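1. Take this sequence and fold it.
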Amino acid sequence: MRALFVFTPAESKRLIGKAVASMEEVKRAKEQNKILVGHGSTNVFVAEEILGKEKISELLNRNSYLSGVILRGILCTTLGKEKPPILVLNRGNIEPPAATMADMLKDFGRDSIFIKGANAVDIEGNAAAFMAHPEGGTIGWAIGTILARGIRLIVPVGLEKLIPSVKRAVSLCGQQTFDYCQGLKVGLIPLPGAKVVTEVEALRTLAGVESFQVASGGCSGSEGAVTLVAEGETARVKKAIQIVEAIKGEPPLKPRKGICQTCVPSSPAQPKDYKFDGLPSRCPHEGKAEEEIPPYLRNR
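-> As a prediction, the model looks like this:
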């Protein structure tokens, strides 16, 4: 049997969130080990599927569990003081916020899980994430520990972020290599050894069907949509249809942009005494009052 599915970005995030939460290593880590869920739009849905929507709504504003964002046609960030602490689960229980990433990962081992979203994924399954913080932010402070210890890195990312080559993209980025940038200057860090979960892996995990992306894009709320064709045994494809129909109409997140006039590098993982003095400008709108920035960026 064959079925064609169209996923808006929000629907993709919900599907991927369900798949990550259903993975055996994630369920096992929730019961016996530790899980860190980094900030990110897809990770909001992952957290809701792991802990439940009601639990997450009690803990945080789902629209603020983001850090770097692409909105209003630029690279931007959310307001530091509005970001909730990074979620760290210890046998399913939420740990109090730790001061640094080293503290957060202190007891993480080979069966613990680090969940990090991405800004890019290529056809070979490589993923990469933007870094707007000059020291790499959450993933910059974590990647060495992840690779040194063999902590399991899971990267949920929708195919709206499909690019030709992560390797090539990484070589073209770097905060201080740009003479002009629409919003924040960024580096791009590859996520080696990650288990990447796109809509394709999600459908395979949840329904046991194989799928292939055949189109991208849309309009009237379907901008960024991806179209997949799924194939498999009739019972499995029907299961996939039930899962997909149940998530249709998923509303998108509505994050608020940062305040340009007071924007500084901000990450929940950075040391409390982090010094901002002497850092080069990261954005053409940095430090500007509301009336000084373009109209399309005003009114958070």
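2. Nearest residue to residue 259 in space, please, no chain neighbours.
-> residue 79 (6.1 Å; Cβ to Cβ, 6 or more residues apart in numbering). For every residue, glycine as well, the C-beta is placed using N, CA and C.
3. what does residue 23 give?
-> residue 205 (6.5 Å).
4. you'd agree the one you found is in a strand?
-> No. Read with DSSP: H, G, I helix; E, B strand; the rest coil, residue 205 is helix and lies in no strand.
5. can you pull the pLDDT of it?
-> Residue 205 carries a pLDDT value of 98.
6. Could you verify my assumption that it touches residue 22?
-> Yes. The criterion here is Cβ atoms under 8 Å, and residue 205 meets it with residue 22 at 6.1 Å.
7. starting at the chain centroid, how far to the helix or strand residue 246 falls within?
-> Applying DSSP states H and E as the criterion places residue 246 in helix 234-247. Relative to its chain's centre, helix 234-247 lies at 25 Å (Cα atoms, centre = their mean, to the nearest Å).
8. cool, and stretch 281-293?
-> 26 Å.
9. any residues touching that stretch, and which ones?
-> For stretch 281-293, contacts defined as Cβ atoms under 8 Å, 6 or more residues apart in numbering pick out 132, 134, 175, 180-181, 183-185, 260-261, 263, 265, 294, 297-298.
10. repeat that for 6 Å
-> 183, 184, 185, 260, 261, 263, 298 (Cβ atoms under 6 Å, 6 or more residues apart in numbering).
11. Return the members of the residues you listed classed as buried.
-> The neighbour-count test (16 or more other Cβ atoms under 10 Å) marks 183, 184, 185, 260, 263 as buried among the contacts of stretch 281-293.
12. Using JSON lines, please lay out those residues together with distance to residue 290 and pLDDT.
-> Below are the buried ones among the contacts of stretch 281-293 laid out as JSON lines (distance: Cβ to Cβ, whole Å; pLDDT from 0 to 100):
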{"residue": "183", "distance to residue 290": "16", "pLDDT": "95"}
{"residue": "184", "distance to residue 290": "18", "pLDDT": "95"}
{"residue": "185", "distance to residue 290": "22", "pLDDT": "96"}
{"residue": "260", "distance to residue 290": "8", "pLDDT": "91"}
{"residue": "263", "distance to residue 290": "12", "pLDDT": "86"}
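13. Kindly state the beta-bridge partners for residue 128.
-> Note on residue 128: beta-bridge partners residue 120, residue 190, judged by DSSP bridges.
14. Could you measure from residue 188 over to residue 78?
-> Distance of residue 188 to residue 78, computed by Cβ to Cβ, to the nearest Å: 19 Å.
15. And the two? Which one has more around it.
-> residue 78 (22 against 18; other Cβ atoms under 10 Å).
16. Hmm, the more buried one is touching residue 66, no?
-> Yes. Residue 78 is in contact with residue 66 according to Cβ atoms under 6 Å; the separation is 5.3 Å.
17. intersection of neighbour lists for those two?
-> Common neighbours of residue 78 and residue 66 (Cβ under 6 Å, 6+ apart) are residue 255.
18. quick one, strands of the stretch 1-150 of the chain?
-> 2-7, 34-37, 68-71, 74-77, 87-90, 93-94, 113-115, 120-122, 127-131 (DSSP state E, counting those that start in this stretch).
19. Between those strands, which one is closest to residue 147.
-> strand 113-115 (10.6 Å; Cβ to Cβ).
20. In this protein, where is pLDDT below threshold?
-> Scanning the chain for pLDDT under 70 picks out 268-269, 271, 275-278.
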